[in-house]
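[1] build me a model:
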Amino acid sequence: MSDDVLIRVEGWAGRITLNRPKALNALTWEMARAIEAALRDWAADDAVALVIIDATGERAFCAGGDIAELYQYGRAGDFAYGQRFWAEEYCLNRLIAHYDKPYVALMDGIVMGGGVGLAAHGGHRIVTERSMVAMPECGIGLVPDVGGSLILATAPGRLGEYIGTTGFRMGSADAILAGFADVCVPSERLADLVDRLIETGDAATIDAFAETPPEGELAGRRDAIDQLFGGPSAAAIVAALEADGSEFAKTTLKAIRRGSPISVAATLAILRAVRDDPTIENALAREYRFTFRSQEQGDFLEGIRAAVIDKDRQPQWSVARIEDLPQERVDAILAPLGDDELTWEDQA
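    All right, here's what the predicted structure looks like:
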């Protein structure tokens, strides 16, 4: 096992520490496999009372998956590499969501994409005053995945549609309101909290460290978001924002238009389907239909080129505007995968 993730047992705690601070602790396939193996081992180990996952460095818990590697394989025509990575990552996300022992995630710093999958499905999700939580996948030609669509679908009102299509960056209070986190603990107290958890093996000790988070933005925008994001489609939401004309609507519209039109439309379709059946399995299966096809039928490769490879921030999406996107393309990229559908037969 590499030093990119540090796995050990200390006291009553199974410890997982992401250890790629220069890469903002981006998750690699090898790291995901190591984490899953540790969780499975500890599930049957009576000496491990709880699991703590954190990261080195002060900037990020985890800024997402290591997408540059996926880009290189995809550009070479090897779509299967990414498909296998996403399938295994989603199995890890499901394992965390159903884990029988307390799973404590210290979401200090940047938490995006794959970082959300590692943290936000656990039973004890802690943010700090330094936390910045986001699902910015539409901006790189994907959809909010790693089970994030379940959290977005069950967020109050239409917050999920807003966060998922704009990539809105949540501070601690907003992350708690939207369902991505449970409590806020000041960053300066995290070390003491970890020591107590190791010593006691009791997740209830978290309550003594929790404090009221700094005020967020979403609570005061709930009415506007619910009104503007209630439309039946991405085109309808864009039209509502255009008609509203407020500064908030203008800023929001600009954020949506930065994303891939097919990603924005598919995000809304996934969220609404998951809202009707809010399980982690339904969320991951629907996300996988998109990610499975994203390199060949979506805008993923172009999104990564613009954001990570060339860094020109000028993606040339396959369809320029949401209003011009044929519904048939959305239906096709979200259609069932037949024999390639994500299943859980080999998982406990």
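
[2] who's in contact with residue 154?
    Counting by C-beta atoms under 8 Å, 6 or more residues apart in numbering, residue 154 touches 160, 179, 275, 278. Just so you know, the C-beta spots here come from the backbone N, C-alpha and C atoms, and that holds for glycine as well.

[3] same question for residue 94.
    By C-beta under 8 Å, 6+ apart, the residues touching residue 94 are 147, 280, 281, 284, 344, 347.

[4] what about the second one, neighbour count?
    The reference is to residue 280. 21 (other C-beta atoms under 10 Å).

[5] next, residue 34: phi, psi?
    When read as degrees, to the nearest 10, the backbone of residue 34 gives phi -70, psi -40.

[6] of the contacts of residue 94, buried ones?
    147, 280, 281, 284 (16 or more other C-beta atoms under 10 Å).

[7] how about the third one, secondary structure?
    Here residue 281 takes the helix state, with states given by DSSP: H, G, I helix; E, B strand; the rest coil.

[8] ok, now how distant is it from residue 99?
    Per C-beta to C-beta, to the nearest Å, residue 281 is found 15 Å from residue 99.

[9] one more: residue 273?
    Where residue 99 is concerned, residue 273 sits at a distance of 25 Å (C-beta to C-beta).

[10] one more: residue 323?
    In terms of C-beta to C-beta, residue 323 sits 43 Å off from residue 99.

[11] those two: which is more packed in?
    residue 99 (18 against 12).

[12] can you pull the pLDDT of that one?
    Looking at residue 99, its pLDDT is 98.

[13] tell me where the model's unsure across this protein.
    1, 345-348 (pLDDT under 70).

[14] kindly recompute the last result at 80.
    1-2, 345-348 (pLDDT under 80).

[15] strands of that one, start to end?
    Applying DSSP state E to the chain gives strands spanning 5-10, 13-18, 50-55, 60-62, 103-107, 110-112, 124-127, 132-134, 183-184.

[16] tilt between the third one and strand 13-18?
    Read it as strand 50-55. 20 degrees (axes from the mean of the first three to the mean of the last three C-alpha atoms, to 10 degrees).

[17] pairing partners for strand 50-55, with directions?
    Strand pairing for strand 50-55, determined by DSSP bridges: strand 13-18 (parallel), strand 103-107 (parallel).

[18] out of these, the one nearest residue 186 is which?
    Comparison of the strands paired with strand 50-55 against residue 186 by C-beta to C-beta identifies strand 103-107 as nearest, at 11.9 Å.

[19] for the closest one, what is the distance to the chain centroid?
    Chain-centre distance of strand 103-107: 14 Å, with C-alpha atoms, centre = their mean, to the nearest Å.

[20] now that strand: buried residues?
    103, 104, 105, 106, 107.

[21] may I have it as CSV, with CA atoms only?
    In CSV, the C-alpha atoms belonging to strand 103-107 read as follows (Å, rounded to 0.1, in the frame of the first residue of the first chain):
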residue,chain,number,x,y,z
TYR,A,103,-18.1,6.4,10.9
VAL,A,104,-16.7,9.8,11.8
ALA,A,105,-15.7,12.1,8.9
LEU,A,106,-13.7,15.3,9.7
MET,A,107,-14.6,17.5,6.7
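
[22] circling back to that earlier point, of all the buried ones among the contacts of residue 94, which two lie farthest apart?
    Most distant of the buried ones among the contacts of residue 94, by C-beta to C-beta, are 147 and 281, 9.3 Å apart.

[23] including distance to residue 235, could the strands of the chain go into a markdown table?
    Formatted as a markdown table, these follow (distance: least, C-beta to C-beta, whole Å):
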| stretch | distance to residue 235 |
| --- | --- |
| strand 5-10 | 42 |
| strand 13-18 | 39 |
| strand 50-55 | 39 |
| strand 60-62 | 34 |
| strand 103-107 | 34 |
| strand 110-112 | 27 |
| strand 124-127 | 34 |
| strand 132-134 | 24 |
| strand 183-184 | 37 |
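
[24] out of those, nearest to residue 236?
    With C-beta to C-beta as the criterion, residue 236 lies closest to strand 132-134 of these, at 24.2 Å.

[25] what is that closest one packed up against?
    strand 110-112 (3 or more C-beta pairs under 8 Å, 6 or more residues apart in numbering; DSSP states H and E).
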